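need a 3D model of the sequence below.
(2 chains)
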Amino acid sequence: MAKRIDVSGLSAFYGSHRAIDDISMTVEPRSVTAFIGPSGCGKSTFLRTLNRMHEVTPGGRVEGKVLLDDENLYGSNVDPVAVRRTVGMVFQRPNPFPTMSIYDNVAAGLRLNGKYGKSRLNEIVEKSLKGANLWNEVKDRLNKPGSGLSGGQQQRLCIARAIAVEPDVLLMDEPCSALDPISTLAIEDLIGELKERFTIVIVTHNMQQAARVSDRTAFFNLAAVGQPGKLIEIDETERIFANPSVQATEDYISGRFG
Amino acid sequence: MSNAHSGAAGNGPAAGPAGSAAIQNRPAAPATGESSGSGPGPAPSGGPGSGPERRQSLSQRGLPRWAPAGFAAAGIVIGVAVGAGAGLQSRVQWGLIAVVAFLVISYAVTSAVENSRQAKDRLATSVVWVCFILAVIPLFSLLWVTVSRGMKVLDPYFLSHSMAGVPSSQAGGGVYHALIGTLEQVGIATVIATPIGLLTAVYLVEYGKGALAKAVTFFVDVMTGIPSIVAGLFILAIMLMGKIEPSGLMGSLALAILMMPVVVRSTEEMLKLVPNELREAALALGVPKWRMILKVVLPTAIGGITTGVMLAIARIAGETAPIILLVFGSQLINSNPFEGAQSSLPFYIYEQYKAGEVASIDRAWAAALVLIAFVMILNLVARGIARWKAPKTGR
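Purely as a prediction, here's the structure:
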């Protein structure tokens, strides 16, 4: 569980457009790494290259290496489906499957991947919902549709769905940007608990959130619109916010950007 | 931080000229709207518009709610009066005069009592209503004529007997053999066309890119426009080459050709409506693409897909030309669609009407009613399935 990610020389393309350029970094296991930076600088694109979701977009293409505990995700014999089972993802907008109940939503990843006994499935669903701090709110209505929950509950349902398949790494693409402060707090607390078991990478536009939840922070920027995004620096969160080594980081964090 | 402050301060003077310009404009407004006599209150903010005396309040004179009904009644009265007065024979002319009178009255009265914006709104609403009624009149008259004339001979006997040994001039006989034929031919066509159409649509939406997908889309569009007689001739050519006898199956093949593009088109549209987020959510769970399509995409779209298939069935259930060519028609009950001539409802209607006797024309109307009822039941079933399978949103 909880693997280290080593990225070296990674570039991602949409067709012929280079979206991110030559990124190298290390993501430590059992920690939270936050990505911050202006819109369009390639944070989300980079996040999606970490579980091979980038190539799902038409024209998406990746160059470079992503090592997950010494195994290259972009090796020639690697099955992207197996990668996505190991590296889970939570999206910006909560997206429970509308045709499925709460129970089926959590069990979806398992059911769609193989056979599990009923009692084993019950056990995993309960554990995942408890892990996502949602169990007490939904335990009486597991057979109701997942789309009937509030936005914050739906997002925690999506987190439960992602952790039910027991990934090693959990990627979160602005998981709180569509939520109110109370739901945001619930999810931030959850992230704090989940990092005991998973390697977590979170993209956020909220500087305070990055400061609150993350151990390390990476700052991305782009030279100009249409230019590829680059990693400016990655360091301990306290250092990034208190004393960054690059002037651009300080400008961005203090709101003096542009 | 200091930079940000200076930026905000810099905005101040920038906003300044615009603000002062607005202030300079203001004294002008009361000057032009002097007659309104309103003092220094909020009036200047609404000032520069026309008719300052009316703008003081947000409410305005309005027509009563029954006004549109009144205009319609007035329009009809004028239509009848002018039509009768001028001695016009055609009721259609009366109706057109009534429509024009209705539109003119509603525009004129509304612009006089309310204002020109409301009048335009009223005019557009009236035109929409007129078009709606024009579209509904033929539909209802068709239903009315079919039901009133078809009920004459429609009874359990009619539904359970064939035309075997019944001369066209005599009453009696029934539609059973044609009903069986329609059910079997349409059923086989559906069984052939639905899987092919469905899988083609899945290919186009989920997998297809490049030249092959474009070619498939193009040929599906071309197929949509194929007249049914051409599909019939195509199968007939094959039958003549292979020395195959007419049978229900041959008709089904032609119907399947007609049905396939409709299924592809409607399914494609429905699959495109499934949000990409759901696909990504499934893929990010490590689900293989084919399972994602099977377990997430298709169930989400199943309601719309069912409706599309049912509409395609409704379309082919009324086809006559390929049946005449390929199934040949029969007066006898033949429940084997793979051998021998069969009948079908549209063919039966054509045949009975062509016979020209009073009894046979009654039978044609009754068969038409049966066909309409068949299509309507299919539509109701489709709506039921769509509602039952639609993604649930309730709390």
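
spell out which parts of the stretch 101-250 of chain A neighbour chain B.
A:108-109, A:111-113, A:144-145, A:147-148, A:158, A:161-162, A:165 (CB under 8 Å from any CB of the partner chain). Yep, even glycine has a C-beta here, placed from its N, CA and C like the rest.

how far away is residue A:243 from chain B?
Applying CB to the nearest CB, to the nearest Å, the value for residue A:243 to chain B is 16 Å.

per-residue pLDDT of that residue, please?
Note on residue A:243: pLDDT of 87.

count the neighbours of it for me.
Neighbours of residue A:243 under the rule other CB atoms under 10 Å in any protein chain shown: 10.

now swap in the one 4 residues further on and tell me
Applying other CB under 10 Å, we find 10 residues neighbouring residue A:247.

could you measure from it over to chain B?
Taking CB to the nearest CB as the measure, residue A:247 falls 13 Å from chain B.

on that earlier part again, give me the subset of the residues of the stretch 101-250 of chain A next to chain B lying in helices.
Those of those mapping onto helices are A:108, A:109, A:111, A:158, A:161, A:162, per DSSP state H.

out of those residues, which comes closest to residue B:216?
Minimum distance to residue B:216 across these is 31.1 Å, recorded for residue A:108 (CB to CB).

hmm, the closest one is touching residue A:97, no?
Yes - with contact taken as CB atoms under 8 Å, residue A:108 and residue A:97 are classed as touching, separated by 6.1 Å.

residues of stretch A:38-53 that come out buried?
Counting neighbours by 16 or more other CB atoms under 10 Å in any protein chain shown, one finds that the buried residues in stretch A:38-53 are A:41-53.

export these to a markdown table and tack on pLDDT?
A markdown table is the format used below for the buried residues of stretch A:38-53 (pLDDT from 0 to 100):
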| residue | pLDDT |
| --- | --- |
| A:41 | 88 |
| A:42 | 88 |
| A:43 | 90 |
| A:44 | 90 |
| A:45 | 92 |
| A:46 | 93 |
| A:47 | 93 |
| A:48 | 92 |
| A:49 | 93 |
| A:50 | 92 |
| A:51 | 90 |
| A:52 | 92 |
| A:53 | 92 |
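
what is the nearest of those residues to residue A:9?
residue A:49 (12.0 Å).

what pLDDT does residue B:168 get?
81.

wait, doesn't residue A:155 sit right on residue A:188?
No - no contact is recorded between residue A:155 and residue A:188 when judged using CB under 8 Å, the distance being 11.7 Å.

if you count what's nearby, which of the two comes out ahead?
In this comparison of residue A:155 against residue A:188, neighbours counted by other CB under 10 Å, the higher total goes to residue A:155 at 30 against 18.

quick check: closest non-adjacent residue to that one.
Closest residue in space to residue A:155, ignoring its immediate chain neighbours: residue A:94 at 4.3 Å, by CB to CB, 6 or more residues apart in numbering or on different chains.

just residue A:51 next, same as before
Among residues not flanking residue A:51 along the chain, residue A:87 sits closest, at 3.7 Å (CB to CB, 6+ apart).

distance of the one you found relative to residue B:342?
Computed as CB to CB, to the nearest Å, the residue A:87 to residue B:342 distance reads 59 Å.

neighbours around the closest residue to chain A within the stretch 51-200 of chain B, how many?
Scanning the stretch 51-200 of chain B for the residue nearest chain A gives residue B:198, at 17.3 Å (criterion: CB to the nearest CB). Each residue near residue B:198 was counted by other CB under 10 Å, and the total is 20.

for residue 204, what are its contacts?
Picked chain A for this. Residues touching residue A:204, when contacts are defined by CB atoms under 8 Å, 6 or more residues apart in numbering or on different chains, comprise A:34, A:35, A:36, A:174, A:176, A:177, A:210.

that's the other chain; I wanted chain B
With contact taken as CB under 8 Å, 6+ apart, residue B:204 is in contact with B:213, B:216, B:217, B:264, B:268.

tell me the mean pLDDT over the strand or helix carrying the first one?
Per DSSP states H and E, residue B:213 falls inside helix B:211-224. Helix B:211-224 comes out with an average pLDDT of 93.

what separates it from the chain centre, distance-wise?
In terms of CA atoms, centre = their mean, to the nearest Å, the gap separating the centre of helix B:211-224 from the centre of its chain is 24 Å.

which helices and strands sit right next to the longest helix belonging to chain B?
For chain B, the helix that runs over the most residues, judged by DSSP H, is helix B:116-150. In terms of contact count using 3 or more CB pairs under 8 Å, 6 or more residues apart in numbering or on different chains; DSSP states H and E, helix B:116-150 is assigned the packing partners helix B:67-85, helix B:91-113, helix B:358-389.

let me see the mean pLDDT of the shortest one.
With pLDDT averaged residue by residue, helix B:67-85 scores 89.

could you tell me how many residues sit around the nearest residue to residue A:121 once chain neighbours are set aside?
When the adjacent residues along the chain are set aside, residue A:121 lies closest to residue A:107, with 5.5 Å between them (CB to CB, 6+ apart). By the other CB under 10 Å criterion, the neighbourhood of residue A:107 contains 22 residues.

torsion angles phi and psi at residue A:61?
Here the main-chain torsion angles of residue A:61 (degrees, to the nearest 10) amount to phi -150, psi 150.

which residues sit in contact with it?
For residue A:61, the contacting residues are A:12, A:13, A:14, A:15, A:55, by CB under 8 Å, 6+ apart.

so which of the residues of the stretch 101-250 of chain A next to chain B is the most crowded?
Counting neighbours by other CB under 10 Å, the top entry in these is residue A:161, with 32 neighbours.
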